[in-house]
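> Following is a predicted model, sequence given first.
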Amino acid sequence: MRSSSSPIISSPLNRFAGPSVHFFNDPSTEPSEDLPPSEVAPADMMDVDDPEAMDDREATPTARVYNGCCSTPSPHATSEHPEDPFALMSELSVLNSPEKEGKGRPKGTKKLERRRMARMTPRSRLKRQQKVDSERKARSSKKKAEKRHREKEEKKAAEKEKKEQMELVRVENETVRIQAVLGAMKEHGFKTVWQFCETFLATKHPQLSSQVTQLIRDHHPEIQHALARRDPVQHSELAIETVKGVIQSEIAALAELLRRQEKTAVSDILDAFSEIRLESGLGSAASIEETAPMLVEMLRESVLSKAKLAIIEDGKDLRRDHNIIIYTICCMLAFTRKEKASNLQLVIGLYLLASGARKNLVDVLAHAGLTLSYRSIIRQVKNLSEEATANIGRIFREQMCGIVWDNLNIAFRVGEQRTNN
């Protein structure tokens, strides 16, 4: 039981000092044995002569009762008025906490670390040491890598700066020499650089003319590339104009080569027809390349890769002759230029008609330029019939007997074969 002269006052510092913080009015009065365990300080906290207990108090700040008064063995700064709890509360702050006091780790961390290490098993110590060593090695490797990267970047920057300095010196030297040459040209009466170049390219002096020819022959690609780098638009327009004139002349010559003469018989074209090479429609491959070399070369280099060209030159690609495609394109361009250059279209049209192709299919291919129109094909078939009739009469006059076979075309509704039907 508590005496009336010794009331117990619960301090508002309990949240800072820990559990079991009480104030006694009478210093000579010891806590009664009747008090609950929660209101009596532990026995080890009451023993001030025990060094181990003192160490525990340093590690775990807890309020203790000594001689009937409240004492808080905390590392915080002690109040000048311990009996005044509000004065002690005003002096406690985050700035005075052990976590924020001084530099480095909080106060008491080393002792706790040593105690933790003492309680660890040898295996745990070994694992912890290995972890520390690996972290230290990782930090060292990271620092070395950063140092190497920094040195590499510095070396690159130094080399770049050195190259820039050398380039500046070279440009300055070239500028001095070019200005000297331009000054000499003006001294000799050439007002502009183009005036000098025009005079030099058109010179009639044998030695100088030979030098100009040799210069163009040896450095023509470099000159063209330099002009293209200086002004790509103007160079492209000039190249297009040059190539356009050459291609137009080659297509005109090709149309004249592939033009069917008026007295050329359709039967002669069919007799020369080859399903593999399409010789009758395409003409001679050599004649096409001779007539339009730039057109053929431009198409070949544009549509075929270098690897494909190498395979074709080695003769390994036997599935398809790509030159036939290029020659077909040339014939289509010639047919577009002149409609009488229609040998290929005539052969393909007769082949489609003989294969039973429908009229709408033939008309679609005719719009694409691959064949003649259906009406033109029928007209050529009639011409072919007249030529065959004349040929039959000639054979009857020259031969005593012969064998005739035919596949009657139901579309023409021919009941029997006669020379007048």
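Noted; the coordinates are in hand. Numbering: from 1, shown residues only.
> residues contacting Gly349?
362, 366, 371-372, 376-377, 380 (Cβ atoms under 8 Å, 6 or more residues apart in numbering). Every C-beta, even on glycine, is put in place using the N, C-alpha and C of the backbone.
> so where's the chain shaky on pLDDT?
Across the chain, the ranges flagged by pLDDT under 70 are 1-108, 271-285, 312, 315-320, 404-421.
> tell me the domain boundaries of it?
8-110, 120-198, 199-235, 239-412 (automatic domain parsing).
> Kindly provide the distance from Leu353 to Leu258.
21 Å (Cβ to Cβ, to the nearest Å).
> more neighbours, the two?
For Leu353 versus Leu258, neighbours defined as other Cβ atoms under 10 Å are more numerous around Leu258 (25 against 20).
> just checking, the more buried one touches Gln345?
No - applying Cβ atoms under 8 Å, one finds Leu258 not in contact with Gln345, separated by 9.9 Å.
> where do the contact lists of these two overlap?
Joint contacts of Leu258 and Gln345 (Cβ under 8 Å, 6+ apart) are 331, 335.
> which ones among the contacts of Gly349 are found in helices?
Under the assignment DSSP state H, the contacts of Gly349 contribute 362, 366, 376-377, 380 to helices.
> Closest one of these to Thr264?
Gln380 (11.5 Å; Cβ to Cβ).
> you'd agree the closest one is up against Ile348?
No - counting by Cβ under 8 Å, Gln380 stays clear of Ile348, with 11.8 Å between them.
> neighbour-wise, which of the two wins?
More crowded of Gln380 and Ile348, by other Cβ under 10 Å: Ile348, with 21 against 18.
> what helix or strand does the more buried one sit in?
Using DSSP states H and E, Ile348 sits within helix 343-354.
> Pull out the buried residues from that helix.
Within helix 343-354, the residues that count as buried by 16 or more other Cβ atoms under 10 Å are 343-353.
> do stretch 367-374 as well
369-374.
> Just put those in a markdown table and tack on distance to Glu146.
Putting the buried residues of stretch 367-374 into a markdown table (distance: Cβ to Cβ, whole Å) gives the following:
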| residue | distance to Glu146 |
| --- | --- |
| Gly369 | 69 |
| Leu370 | 69 |
| Thr371 | 74 |
| Leu372 | 78 |
| Ser373 | 79 |
| Tyr374 | 80 |
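> and which of those residues is nearest to Met294?
Gly369 (21.4 Å).
> Excluding covalently adjacent residues, which one is nearest to that closest one?
Sequence neighbours aside, Met332 is the residue nearest to Gly369 in space, at 4.7 Å (criterion: Cβ to Cβ, 6 or more residues apart in numbering).
> Correct me if wrong, but that neighbour is in a helix.
Yes - in this structure, Met332 lies within a helix as judged by DSSP: H, G, I helix; E, B strand; the rest coil.
> give me every residue that touches it.
Listed by Cβ under 8 Å, 6+ apart, the contact partners of Met332 are 344, 369-370.
> Among the residues you listed, which one lies nearest to Pro122?
Leu370 (91.4 Å).
> Torsion angles phi and psi at that closest one?
phi -90, psi -20 (degrees, to the nearest 10).
> Surely it and Tyr351 touch.
No - between Leu370 and Tyr351 there is no contact under Cβ under 8 Å: 10.9 Å.
> Please enumerate the strands of the stretch 51-200 of the chain.
Using DSSP state E, counting those that start in this stretch, the strands of the stretch 51-200 of the chain run over 64-66, 69-71.
> okay if I get the buried residues of helix 343-354 as a markdown table plus distance to Val246?
Converted to a markdown table, the buried residues of helix 343-354 look like this (distance: Cβ to Cβ, whole Å):
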| residue | distance to Val246 |
| --- | --- |
| Asn343 | 24 |
| Leu344 | 23 |
| Gln345 | 25 |
| Leu346 | 29 |
| Val347 | 29 |
| Ile348 | 29 |
| Gly349 | 31 |
| Leu350 | 34 |
| Tyr351 | 34 |
| Leu352 | 35 |
| Leu353 | 38 |
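> before we move on, which element is Leu270 in?
Assigned by DSSP H and E, Leu270 falls in helix 266-271.
> Could you report the neighbour count for Lys191?
9.
> got it, and Glu237?
For Glu237, the neighbour count with other Cβ under 10 Å is 11.
> Okay, helices next: where are they in the stretch 151-300 of the chain?
193-201, 206-230, 232-258, 266-271, 279-282, 285-291, 293-303 (DSSP state H, counting those that start in this stretch).
> Would you mind finding the most buried of the ones you listed?
helix 279-282 (a mean of 18; mean count of other Cβ atoms under 10 Å).
> now the helix holding Ile348 against helix 232-258, angle please.
If you take axes from the mean of the first three to the mean of the last three Cα atoms, to 10 degrees, helix 343-354 sits at 60 degrees to helix 232-258.
> From His220, how far out is Glu297?
17 Å.
> Same question for Gln248.
Gln248 sits 23 Å away from His220, going by Cβ to Cβ.
> before we move on, what about Ser302?
22 Å.
> Repeat that for Lys142.
Using Cβ to Cβ, Lys142 is found at 57 Å from His220.
> Distance across stretch 188-204, terminal residue to terminal residue?
Distance across stretch 188-204, first residue to last, is 19 Å (Cα to Cα, to the nearest Å).
> So which residues make contact with that stretch?
Against stretch 188-204 from outside (Cβ under 8 Å, 6+ apart): 182, 185, 208-209, 212.
> Apply 7 Å and report the result again.
With contacts defined as Cβ atoms under 7 Å, 6 or more residues apart in numbering, stretch 188-204 is touched by 185, 209, 212.
> Could you single out the nearest of the residues you listed to Pro232?
Among those, and counting by Cβ to Cβ, the member closest to Pro232 is Val212, at 25.9 Å.
> so how far is Arg358 from that closest one?
Counting by Cβ to Cβ, the gap between Val212 and Arg358 amounts to 64 Å.
> same check, this time on Ser141
To Arg358, Ser141 is 78 Å away according to Cβ to Cβ.
> for Gln234, same thing?
52 Å.
> again with Lys127
According to Cβ to Cβ, Lys127 stands 87 Å off from Arg358.
> Great, nothing more from me.
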